[in-house]
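Asks: All I have is the shape, not the residue letters:
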């Protein structure tokens, strides 16, 4: 053994470099966090969000408003995207509600942006904690943590700064789960080995899922295989795994039960099946990225990739003796295979739990976490070799200093690239602030004038010319969301049933704009609507138009059909209805959905609507719409809001069945005459009951291992002392 180097030989920990100064690796991690705090400082108070952060901030503000009004923030009608949708009912929203609670004291925008900033800058701490929980050495964890903030991939959406920043993608819930994934897997690893409470590990997995369902799914998939990494005491290890899984299930039941019961009210197929958005890229492309360094080091020297390759070899060699090494290989290998996706695995993925609804490109997060741990192993091994070689030539202290210098030289290009990229981002933010001082005030003035209008606002679609209508870098449709305006155009951000049709919206068609309840259009100066409209106001580079024949939030219509549709076919069914005349002014297509189809009315040759909406009172944020409908003959009142099984309707005070009409909206049938029609979204009532039962169940499971598995109480004395007493 080299003098001054202590090689570990614990049964589950690979050998690594000296850990005598135990505070030093943690100091390196803290220094990395301080560097990140400085590098990403602009993220603490950015301008108006232009990516997914706009949705997450808006949802957080909506949740805060629900809390102020004494309502359940985990369910309610979120009206601003996709013709409305109960977003927190179908989407993992624990980060939004927690931040909303904090925001009540410090301001929601402050709480949101500071949470993103601190979670992003502090991410190395989570990587270090996860490595230590996985029984990896302090220096392995430290090297992985140092590299963690600077990953760059070809696919995006991984554990890289570009997934979260203002100039990046803004997938904020994944950042919360990024902190929890290494901790959840680490606690799960210790729990099945009787080194941690399975109830605690199950709670960590549940929190991970409640922040980001796919990340929680990955954590469960890895943990479910942990007992197989060691063959000793297998039955008891599976027993502890069972307690962990039961704890997780009980902890998420309050969210999963209503989600399952109301699954017919959401459509997760906004992006077409068969594209990389769902199916991922296939093994050939992914392995090419891995081989060229584009999976960890796109656009720079493949330093992380090389370190991970060294770590892979070292980990494979250690795997026979060290279970922790097998765990790292399991996490990385499973994530990589899942990242291959459907082009490689095909129908095999359908046998996985919820396999048909998973977004396989997002499993790059597991590849990134596993790659970081492998890179940490590789860097620590190289440092160990360097210290050993240099110590033979000099004193241990000199060797340590030399190894530290070499380590800094190796990783500094990675850090420098990350800092340079964020410097560019701060430049974009500065440019946006300058743009905000120009035409933003004019746009806000126009927006304020229609904030409570009877109908939606359209300022261009994300996948059309609207992507070019910007204030600085911020598209006008993103500005509408920031200002809490009910609008159409920021597409594929929620999973409402109208999403598939909204993606196909043609703003040159009065019929289609009517389907989506559009009454107002805000356009750049010089652009005019292609439908009958009139100018309401002009301010600077913006013009506000009112559609003269728009119905607004509700319309009285005849019906055709019904036609059966599924999530995969709904958009195509609506498009076909527009082409063949089943959908026109005053005529809508009934859609059979969730066992409900509605009764068609007699279709006449008379053009136009079979009635009018005389009076309306709408409160979209409360999911409440009241109308006075005047029908010339039996017809339907179609609400320009996404259909959902929790819509309830009353016609003249009597309950009426809510059916679906194109483009995926709620509707009720009325007879000839004048009718009071009320639509009300009714939240799930049993959330808190299920939560309370789950808490009691988890408390019971927290003491289960001792009596259920007949495990002895763990001794508090050191193992060495216990052995001495037994040998005495």
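Replies: Good, I have the coordinates. Source: prediction; values computed, not measured.

Asks: Which SSE is immediately downstream of the helix or strand harbouring residue 217?
Replies: Using DSSP states H and E, residue 217 maps to helix 213-224. Next along the chain after helix 213-224, taking DSSP H and E as the criterion, comes helix 234-261.

Asks: Against which helices or strands is that following helix packed?
Replies: helix 87-90, helix 172-192, helix 198-211, helix 213-224, helix 687-701, helix 704-708 (3 or more CB pairs under 8 Å, 6 or more residues apart in numbering; DSSP states H and E). Glycine gets a C-beta too; all of them are placed from N, C-alpha and C.

Asks: Pull out the buried positions in that helix.
Replies: 236-237, 239-256, 258-259 (16 or more other CB atoms under 10 Å).

Asks: quick check: mean pLDDT across that helix?
Replies: Averaged across helix 234-261, pLDDT comes to 92.

Asks: Residue 283 contacts residue 344, doesn't it?
Replies: Yes - in this structure, residue 283 is within contact of residue 344 by CB atoms under 8 Å, at 4.3 Å.

Asks: who's more crowded, these two?
Replies: Neighbour totals were compared for residue 283 and residue 344, and residue 344 leads with 21 against 17 (other CB atoms under 10 Å).

Asks: Surely the more buried one and residue 279 touch.
Replies: No - the criterion here is CB under 8 Å, and residue 344 misses it with residue 279 at 9.5 Å.

Asks: Report the distance from the helix or strand residue 367 falls within to the chain centre.
Replies: Secondary structure assigned from DSSP H and E places residue 367 in helix 364-391. Distance of helix 364-391 from the chain centroid (CA atoms, centre = their mean, to the nearest Å) equals 30 Å.

Asks: repeat for stretch 676-695
Replies: Stretch 676-695 sits 23 Å away from the centroid of its parent chain (CA atoms, centre = their mean).

Asks: Next: stretch 83-101.
Replies: The answer for stretch 83-101 is 11 Å, by CA atoms, centre = their mean.

Asks: and the gap between the closest residue to residue 42 other than its chain neighbours and residue 420?
Replies: Spatially, and ignoring its direct neighbours in sequence, residue 42 is nearest to residue 426 (4.5 Å; CB to CB, 6 or more residues apart in numbering). Distance of residue 426 to residue 420, computed by CB to CB, to the nearest Å: 11 Å.

Asks: These two: who's more crowded?
Replies: Neighbours were counted for residue 426 and for residue 420 using other CB under 10 Å; residue 426 has more, 18 against 12.

Asks: What helix or strand is that one located in?
Replies: Going by DSSP H and E, residue 426 is in helix 396-436.

Asks: after that helix comes which helix or strand?
Replies: Next along the chain after helix 396-436, with elements defined by DSSP H and E, is helix 440-449.

Asks: neighbouring contacts of that next one?
Replies: 48, 457, 471, 476, 479-480, 483, 485, 522, 536-537, 539-542, 544 (CB atoms under 8 Å, 6 or more residues apart in numbering).

Asks: Any of those residues buried? List them.
Replies: 48, 457, 471, 476, 479-480, 483, 485, 522, 536, 539, 542, 544.

Asks: now the end-to-end length of stretch 623-638.
Replies: 15 Å (CA to CA, to the nearest Å).

Asks: from here on, count from 31
Replies: Happy to do that; since the first residue is 31 now, the last one works out to stretch 653-668.

Asks: gap between residue 116 and residue 527?
Replies: 12 Å.

Asks: Please enumerate the shared neighbours of those two.
Replies: Joint contacts of residue 116 and residue 527 (CB under 8 Å, 6+ apart) are 295, 674.

Asks: give me the low-pLDDT residue ranges for this protein?
Replies: 31-51, 299-302, 418-439, 632-637, 734-758 (pLDDT under 70).

Asks: So which bits of the lengthiest strand in it are buried?
Replies: Using DSSP state E to assign secondary structure, the strand with the most residues in the chain is strand 584-594. Residues 584-593 are the ones in strand 584-594 that count as buried (16+ other CB under 10 Å).

Asks: Show me how far that strand is from its chain's centre.
Replies: On CA atoms, centre = their mean, the centre of strand 584-594 falls 35 Å from the chain's centre.

Asks: so what secondary structure elements neighbour that strand?
Replies: helix 600-610, strand 617-622, strand 641-649, strand 654-661, strand 665-672.
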